[in-house]
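What would the 3D arrangement of this be:
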Amino acid sequence: MLDKVSDLPALMADIGARAKAAARILAQTPGATKDAALRAMADAVEAAVPGILAANAADVARATVAGMAASFVDRLTLDEGRIAAIAAALRDIAALPDPVGAVTEAWTRPNGLTIRRVRTPIGTIGVIYESRPNVTADAGALCLKAGNAVILRGGSDSAESSRAIHAALAKGLGAAGLPADAIQIVPVSDRAAVGEMLAGLGGAIDVIVPRGGRSLVERVQRDARVPVFAHLEGLCHVYVDKAAALDMAVAVTLNSKMRRTGICGSAETLLVDRDVAGTHLAPILDALVANGCEVRGSDAVRAIYPQANAASKEDFRTEYLDAIISVDIVDGVEGAIAHIARFSSGHTEAIVTQDAAAAERFFNAVDSAILLHNASTQFADGGEFGFGGEIGIATGKMHARGPVGVEQLTSFNYRVSGTGQLRP
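Model prediction:
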């Protein structure tokens with residue numbers, strides 16, 4: 001990847017123009033052709049495992065020398081299993097129904113006009129992301145399936161890995177006879193390239209999707225001149241209700257926090273109903289501590305579990321992305337709802353309870369993109385939703401919300417058929 005080019009605006013404008021031309025082709029490409037390309041991409045990724053691993057090793061080495069946090073390095077690291085998962089996700093996306101052309105609703109007016117609402121591609125998607133090289137494949141594949149061209153701008157920390165994966169995607173496009181410009185990766189690390197994308201590349205980019213830390217997403221939301229699908233952070237909660245089964249509460253909380261601490265669906269705050277704090281709190285926290293998690297508790301928590309470190313109010317606003325959890329005691333489901341309303345980022349929240357009415361109250365009152373009952377917050381993932389993958393988790397309320405998969409990467413138009421009707 002190049003650090004600088006002599007004429008960055010010209011380079012980026014050319015990338016945008018080529019993407020826009022490719023998007024016009026993709027909008028008319030049959031689903032079978034797109035699926036063939038996706039399967040060819042999966043084959044190419046599997047064939048390129050040694051090269052992808054070598055490229056990733058170089059990225060990881062640089063991150064380690066730079067003293068990056070362990071959670072950051074984990075997000076960056078690929079192994080044979082994770083690369084196999086990338087290939088499997090490509091095949092899963094190929095197996096999904098083609099969203100383009102799907103009729104989502106149809107009706108006939110009293111005057112005989114028939115109206116259909118039909119899914120269409122958005123056009124060109126710009127994806128700006130940081131340390132996760134798998135996003136290169138996920139974003140490229142999902143955009144292709146939805147008939148969109150995509151311009152990828154990965155972080156410099158994962159540049160070698162992303163470039164190796166992109167090369168495999170390009171081989172898949174070629175094998176299916178689709179334009180290489182359908183999936184492009186920005187070849188420079190110069191941050192000014194991001195600014196060019198946020199300006200829309202002369203109308204070439206229709207939507208921007210940022211996937212990364214708070215500073216990146218805030219910049220995109222502040223500076224973008226095109227629509228944005230974004231979430232600022234994944235400040236996710238697990239609430240253990242008085243009607244929670246203890247074994248389930250321990251297992252769900254432990255998985256929510258510790259399965260992978262560096263992903264946006266990792267739980268950052270545990271809330272426990274005051275009515276069961278005496279019986280449920282210590283076993284849950286013991287399991288977390290035994291698995292290497294630091295516990296930061298409120299005064300009420302430390303009165304029951306004195307070995308917890310003291311939590312500040314800022315802890316309850318913090319997305320740790322690490323083996324740290326903040327813990328508080330609340331007054332029932334209403335206390336949990338109030339706490340989440342105050343501190344949540346609107347990403348994902350879970351309730352553990354055997355009381356269906358409490359779960360329904362939680363679902364109706366908590367305004368987050370994903371809500372779970374008796375299940376881990378780490379299911380906040382497009383692949384787990386059956387979307388084949390995701391381009392991110394959107395916490396806004398316009399167009400896309402929650403996992404942004406193939407359907408969320410489409411727009412729609414209205415197709416009206418008549419028999420010569422005239423408006424009086």
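
Please make it C-alpha for all contacts and neighbour counts, starting now.
OK.

which residues of the stretch 101-250 of the chain fall in strands?
103-108, 114-121, 124-129, 149-153, 183-185, 207-211, 236-240 (DSSP state E, counting those that start in this stretch).

who wins for proximity to residue 65 among those strands?
Closest of the strands of the stretch 101-250 of the chain to residue 65 is strand 124-129, at 21.5 Å (criterion: C-alpha to C-alpha).

Touching the closest one from outside, list them.
For strand 124-129, the external contacting residues (C-alpha atoms under 8 Å, 6 or more residues apart in numbering) are 19-20, 23, 135, 139, 143, 148-155, 194, 197, 204-212.

what comes up buried for that strand?
Within strand 124-129, the residues that count as buried by 16 or more other C-alpha atoms under 10 Å are 124-129.

Save the strands of the stretch 101-250 of the chain as TSV, and put in mean pLDDT too.
Converted to TSV, the strands of the stretch 101-250 of the chain look like this (pLDDT from 0 to 100):
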stretch	mean pLDDT
strand 103-108	97
strand 114-121	96
strand 124-129	95
strand 149-153	97
strand 183-185	98
strand 207-211	90
strand 236-240	98
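
neighbours around residue 247, how many?
11 (other C-alpha atoms under 10 Å).

what sits against it?
By C-alpha under 8 Å, 6+ apart, residue 247 has no neighbours at all.

Identify each buried residue in stretch 73-91, please.
Buried, per 16+ other C-alpha under 10 Å, within stretch 73-91: 73-78, 83-84, 86-91.

show me where the stretch 1-150 of the chain has helices.
8-26, 31-47, 49-65, 70-76, 80-95, 134-145 (DSSP state H, counting those that start in this stretch).

Can you say which of the ones you listed is packed in most?
helix 134-145 (a mean of 28; mean count of other C-alpha atoms under 10 Å).

Could you chop this protein up by domain?
8-229+404-416, 236-379 (automatic domain parsing).

Quick one: closest of those to residue 389.
domain 8-229+404-416 (6.1 Å).

Now do the contacts for residue 52.
Here residue 52 is in contact with 161, 164-165 (C-alpha under 8 Å, 6+ apart).

again with residue 18
residue 181.

Poorly predicted segments of the chain, please.
1-3, 232 (pLDDT under 70).

As TSV, the domains of the chain with distance to residue 391 would be great.
Below are the domains of the chain laid out as TSV (distance: least, C-alpha to C-alpha, whole Å):
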stretch	distance to residue 391
domain 8-229+404-416	5
domain 236-379	13
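
So for residue 423, which of the ones you listed sits nearest?
Of all the domains of the chain, domain 8-229+404-416 comes closest under C-alpha to C-alpha, at 9.5 Å.

follow-up on the earlier one: now, of the strands of the stretch 101-250 of the chain, which is deepest in the fold?
strand 236-240 (a mean of 32).

Give me the contact list for it.
With contact meaning C-alpha under 8 Å, 6+ apart, strand 236-240 is reached by 249, 253, 256, 265-273, 336, 340, 344-353, 377.

can you do 6 Å?
267-272, 348-352 (C-alpha atoms under 6 Å, 6 or more residues apart in numbering).

mind checking how far it is from the chain centre?
20 Å (C-alpha atoms, centre = their mean, to the nearest Å).

Can you give the strand pairings for it, parallel or anti for each?
Strands that pair with strand 236-240, judged by DSSP bridges, come out as strand 267-273 (parallel), strand 348-352 (parallel).

could I get the contacts of strand 236-240 as JSON lines with distance to residue 383 and neighbour count?
Listed next are these as JSON lines, based on distance: C-alpha to C-alpha, whole Å; neighbours: other C-alpha atoms under 10 Å:
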{"residue": "267", "distance to residue 383": "18", "neighbour count": "35"}
{"residue": "268", "distance to residue 383": "22", "neighbour count": "28"}
{"residue": "269", "distance to residue 383": "24", "neighbour count": "30"}
{"residue": "270", "distance to residue 383": "25", "neighbour count": "27"}
{"residue": "271", "distance to residue 383": "27", "neighbour count": "26"}
{"residue": "272", "distance to residue 383": "29", "neighbour count": "30"}
{"residue": "348", "distance to residue 383": "16", "neighbour count": "30"}
{"residue": "349", "distance to residue 383": "18", "neighbour count": "31"}
{"residue": "350", "distance to residue 383": "18", "neighbour count": "27"}
{"residue": "351", "distance to residue 383": "22", "neighbour count": "29"}
{"residue": "352", "distance to residue 383": "23", "neighbour count": "27"}
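
Now the two most distant members of those.
The span of the contacts of strand 236-240, defined through C-alpha to C-alpha, is set by 272 and 348 at 16.9 Å.

hey, C-alpha coordinates of stretch 123-140 in CSV?
Output of stretch 123-140 as CSV, limited to C-alpha atoms (Å, rounded to 0.1, in the frame of the first residue of the first chain):
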residue,chain,number,x,y,z
GLY,A,123,-25.4,1.7,-6.2
THR,A,124,-21.9,2.2,-4.8
ILE,A,125,-21.1,1.6,-1.2
GLY,A,126,-18.1,3.1,0.5
VAL,A,127,-16.8,1.0,3.4
ILE,A,128,-14.2,2.5,5.8
TYR,A,129,-12.9,0.1,8.4
GLU,A,130,-10.0,-0.5,10.8
SER,A,131,-8.3,-3.6,12.1
ARG,A,132,-10.5,-6.5,10.9
PRO,A,133,-9.3,-7.9,7.6
ASN,A,134,-12.3,-10.2,7.4
VAL,A,135,-14.4,-7.1,6.7
THR,A,136,-12.7,-7.0,3.3
ALA,A,137,-14.5,-10.2,2.3
ASP,A,138,-17.7,-9.7,4.2
ALA,A,139,-18.3,-6.2,2.7
GLY,A,140,-17.2,-7.2,-0.8
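
ok, residue 409 - how many residues close by?
Quick note: residue 409 (other C-alpha under 10 Å) scores 27 neighbours.

Could you measure from it over to residue 62?
Going from residue 409 to residue 62 by C-alpha to C-alpha, to the nearest Å gives 34 Å.

Run through the helices of the stretch 301-424 of the chain in chain order.
Using DSSP H, counting those that start in this stretch, helices in the stretch 301-424 of the chain cover 332-343, 356-365.

Can you tell me which of those helices is packed in deepest?
The highest average neighbour count among these, using mean count of other C-alpha under 10 Å, belongs to helix 332-343 at a mean of 18.

still on that earlier bit, with distance to residue 314 as added columns, please give the helices of the stretch 1-150 of the chain in CSV.
As requested, those are exported to CSV (distance: least, C-alpha to C-alpha, whole Å):
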stretch, distance to residue 314
helix 8-26, 40
helix 31-47, 43
helix 49-65, 28
helix 70-76, 20
helix 80-95, 34
helix 134-145, 30
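
Many thanks, have a good one.
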